[in-house]
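[1] sharing a model prediction with you, sequence too.
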Protein chains: 2
Amino acid sequence: MVKLFNLAVNNEKEILEIIKNREEDLDVINDVKLILEEVKKDKDKALIKFNKLFDKVDITNLKVSKEEIDEAFKLVEEDFIEAIKGSIENVKKYHEKQVKNGYSIIEKNGVFMGQLVTPLQRVGVYVPGGTASYPSSVVMNVIPAEIAGVSEIVMVTPPKNDGSINPYILVAASLAGVSEIYKVGGAQSIGALAYGTETIKNVDKIVGPGNIYVAMAKKLVFGTVDIDMVAGPSEILVIADENSNSKYIAADLMSQAEHDKRAASILLTTSEKLYNEVLEEINIQIKDLERKDIIEESLKNYGMAVICEDINKCIELSNKIAPEHLELMIENPLEYLGSVKNAGSIFLGYYSPEPLGDYYAGPNHVLPTNGTARFSSPLSVDSFIKKSSYLYYSKEELQKVSKNIMILAEKEGLTAHRNSVKVRIDND
Amino acid sequence: MVKLFNLAVNNEKEILEIIKNREEDLDVINDVKLILEEVKKDKDKALIKFNKLFDKVDITNLKVSKEEIDEAFKLVEEDFIEAIKGSIENVKKYHEKQVKNGYSIIEKNGVFMGQLVTPLQRVGVYVPGGTASYPSSVVMNVIPAEIAGVSEIVMVTPPKNDGSINPYILVAASLAGVSEIYKVGGAQSIGALAYGTETIKNVDKIVGPGNIYVAMAKKLVFGTVDIDMVAGPSEILVIADENSNSKYIAADLMSQAEHDKRAASILLTTSEKLYNEVLEEINIQIKDLERKDIIEESLKNYGMAVICEDINKCIELSNKIAPEHLELMIENPLEYLGSVKNAGSIFLGYYSPEPLGDYYAGPNHVLPTNGTARFSSPLSVDSFIKKSSYLYYSKEELQKVSKNIMILAEKEGLTAHRNSVKVRIDND
């Protein structure tokens, strides 16, 4: 498990290629297209049909009732409620700092312009069902929308056979501020959110993780509505010096590996001794972990350790990989934070493990995966707002700049653009 | 030309449908896939081949030289240089207000977290060639990237038969701050920017308008790199009261219509008299306009006037249409600005016509089209930055929250996540 490389001898390109080549190329586009078309045409009828077909559940009332939510609160443990409330509070505090104001530029002579910031009106959150049912994901997707001022936050999630929804999900949704919940999942639920049905009104944006059908459906409806990024395989990259604790590193690498057999867990270190200790620790700790098989397969294929000359070289390589999660398990992480160019979320020091961020501390756990941290960002309040510009010129000021505008319009061969300025100058 | 509706009698849905149904469904996906694959494989060789095949130009040196740029400055008129410089200055001033800082949250007991904002490193700007060669588009795409701090701004544009580039484009690019320019266009240039070739290093994001091949290529490489939105058919919506000047309205509707036969030009007004005057004015002014044929076809298919009971009703309908450009040609536009929910750019009063914004005043002219202002925004400095979160907890603080994290991890069945916290608590 966990292949060893040495940056001084191995080809860097070889290391990068292993991480890049994790995409699954499942050919579901045609199935998904058919599902979306049927939902667009038959609306609720199609949703009820696909619920039967895919989720083996026969229900006509898709909307979760207030009674079902009340019932869920009775089913979950008190300490879960306390934990999720603590998480929500921290996530709110972190995201409130992201609220953005517009600006205006006011000049003499009646020139006035600026930027308006407005929330999206209606947003859909997809929440997977079954074993991949994650209350923390509800919190991370809903809170930024709520803080942005989105007035309608709609959740869709596949029901169980008996027509019920996981109570932990319902409690998290209720506490986070979801306004409507519908019992439908898969590509069909994405179609409902994008096109609207009798029961589910269409939204402006769809967020949230899902399986390959959901991901493909989101890609296909993009343009009709906005979507968050389609998540690829995820990764953790740990940079550790010789003083770092091998127990912690082993645990953190496996916490990423348990997500998915395509997850990549990467250790960059200055110490080959540490690598050997980490290997030993993995072999000890893995025995007690429920998802042992996934961890083993993931580490076998995409577990890597790279010995680097110094921490700066580790950071350089990390910037090329652009990991979703970056742990700087080194003595003085702040000395290197400024050199990090590409990373979704950065965990500093020995006591800030990835799960602290995944569940609790405040930063979002919806992060750019598979090297996309080169150009994209964690989910945030910005993901749920839009901007408009506005512009006012007085007659006198328009006259002053009219010559320049008309020259530029002329050079582009757009005489109707030129004319729009000209009529205002000529006719007064 | 310009169909008349009355909101009191016509079905609103009918009006919205006309605007929505402007998408061209050109089936170029397979051609574009082949081009991209060949560029990925053969790199420069493929670019040289496609230059010959599509642009009828036989060149081996793809990079524009400093001499060619110097030469371009000699070929363009002094008043063009002055006009484009004025435009650049205003666009800079408007976009500088968008520069975003990170933030940090520092709490007692060694809890420390925040958001880093960093520029994208390398960005590609596509600039169309031929008749659709727009220096203003160079300015609008390059300046926000430059202000964001992007260090490498690369431009690609198809060369003319003789291997040269439109000198107005070269001058605009040079003044705006483009760092490299390459003579290649079409889907092949998008492939080069996404995958890299011997001559053109791959980028992190591709922006800029193009034909259907370019748009499809951008869609297909999205994920490997980021892209700006794929622009659909554009529109102007003018809201006018009975005091509004029909000459101005006619001119502005046609300035949008000349772009494209799929452009929509929409007048919402309280006055049917005004509508009739606007029609007359169109018939007078159109005679002198070079793109008369495009204007006529566009207005015939997508020109609309809707009589509304009052200005509030106009605004309501406009919010549903979510126009790219919204002109409030009314007496007190500021009284209504706060009610505008969905619009790319808003032009206030009688002397702020769309071309003032397209060319000169400062706001960006790259705007969400075809109703996407419901969920997306003008191109801005935000389009060229990315964010990362960072997080530090002390040992004591991790211990305090460890119980809550472990409960949440357990409920999600992720025991390796739980373990990552547990090893840090147990082993000290």
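    Yep, it's here.
[2] in stretch A:307-325, what's buried?
    The neighbour-count check on stretch A:307-325 (16 or more other CB atoms under 10 Å in any protein chain shown) flags A:307-308, A:311, A:313-325 as buried. The C-beta positions use only the backbone N, C-alpha and C, and glycine is treated the same way.
[3] show the end-to-end separation of that stretch, please.
    Terminal residues of stretch A:307-325 lie 19 Å apart, using CA to CA, to the nearest Å.
[4] ok, back up a step: right, and the pair among the buried residues of stretch A:307-325 with maximum separation?
    For the buried residues of stretch A:307-325, the maximum inter-member distance is 22.7 Å, found between A:I307 and A:E324 (CB to CB).
[5] okay, strands next: where are they in chain A?
    According to DSSP state E, chain A carries its strands in the segments A:3-6, A:103-107, A:111-119, A:122-126, A:152-157, A:180-183, A:205-207, A:226-227, A:235-240, A:264-269, A:303-307, A:325-329, A:345-348, A:385-393.
[6] rank these by mean pLDDT and give me the bottom one.
    Among these, strand A:3-6 carries the lowest mean pLDDT, a mean of 88.
[7] by contact count, what packs against it?
    Judged by 3 or more CB pairs under 8 Å, 6 or more residues apart in numbering or on different chains; DSSP states H and E, the packing partners of strand A:3-6 are strand A:303-307.
[8] where does the residue lying closest to A:K386 once chain neighbours are set aside land on pLDDT?
    Once flanking residues are discounted, A:K386 sits nearest to B:S377: 4.8 Å by CB to CB, 6 or more residues apart in numbering or on different chains. As predicted, B:S377 sits at a pLDDT of 96.
[9] what is the neighbour count of B:S377?
    Neighbourhood size, B:S377 [other CB atoms under 10 Å in any protein chain shown]: 24.
[10] ok, which stretches of the stretch 1-150 of chain A are helices?
    Applying DSSP state H, counting those that start in this stretch to the stretch 1-150 of chain A gives helices spanning A:12-20, A:29-42, A:44-55, A:66-75, A:78-96, A:135-148.
[11] what's the most buried one of those?
    Each of the helices of the stretch 1-150 of chain A was scored by mean neighbour count; the highest is helix A:135-148, a mean of 26, by mean count of other CB atoms under 10 Å in any protein chain shown.
[12] and it, how far from the chain's centre?
    Averaged C-alpha coordinates place helix A:135-148 at 11 Å from its chain's average position (CA atoms, centre = their mean, to the nearest Å).
[13] tilt between it and strand A:385-393?
    Put simply, helix A:135-148 runs at 20 degrees to strand A:385-393, going by axes from the mean of the first three to the mean of the last three CA atoms, to 10 degrees.
[14] does chain B sit close to helix A:135-148?
    Yes: if you take CB under 8 Å from any CB of the partner chain as the test, helix A:135-148 does meet chain B, through A:135-136.
[15] between strand A:111-119 and that helix, find me the angle.
    Interaxial angle, helix A:135-148 versus strand A:111-119 (the same axes, to 10 degrees): 150 degrees.
[16] so which elements touch helix A:135-148?
    Where contact means 3+ CB pairs under 8 Å, 6+ apart, helix A:135-148 is packed against helix A:78-96, strand A:122-126, strand A:152-157, helix A:167-176, helix B:395-411.
[17] what about 6 Å?
    Packing partners of helix A:135-148 (3 or more CB pairs under 6 Å, 6 or more residues apart in numbering or on different chains; DSSP states H and E): helix A:78-96, strand A:122-126, helix A:167-176.
[18] what is the mean pLDDT for it?
    pLDDT averaged over helix A:135-148 gives 97.
[19] hmm, back to that, which of the helices of the stretch 1-150 of chain A comes out lowest on mean pLDDT?
    helix A:12-20 (a mean of 86).
[20] how about the CA coordinates for that one, as PDB?
    Provided in PDB are the C-alpha atoms of helix A:12-20 (Å, rounded to 0.1, in the frame of the first residue of the first chain):
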ATOM      1  CA  GLU A  12       7.500  14.500 -11.200                       C
ATOM      2  CA  LYS A  13       5.300  13.900 -14.200                       C
ATOM      3  CA  GLU A  14       4.800  10.300 -13.300                       C
ATOM      4  CA  ILE A  15       3.500  11.300  -9.800                       C
ATOM      5  CA  LEU A  16       1.100  13.800 -11.300                       C
ATOM      6  CA  GLU A  17      -0.200  11.400 -13.900                       C
ATOM      7  CA  ILE A  18      -1.300   8.900 -11.200                       C
ATOM      8  CA  ILE A  19      -3.500  11.500  -9.500                       C
ATOM      9  CA  LYS A  20      -4.900  12.900 -12.700                       C
END
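[21] all set, thanks.
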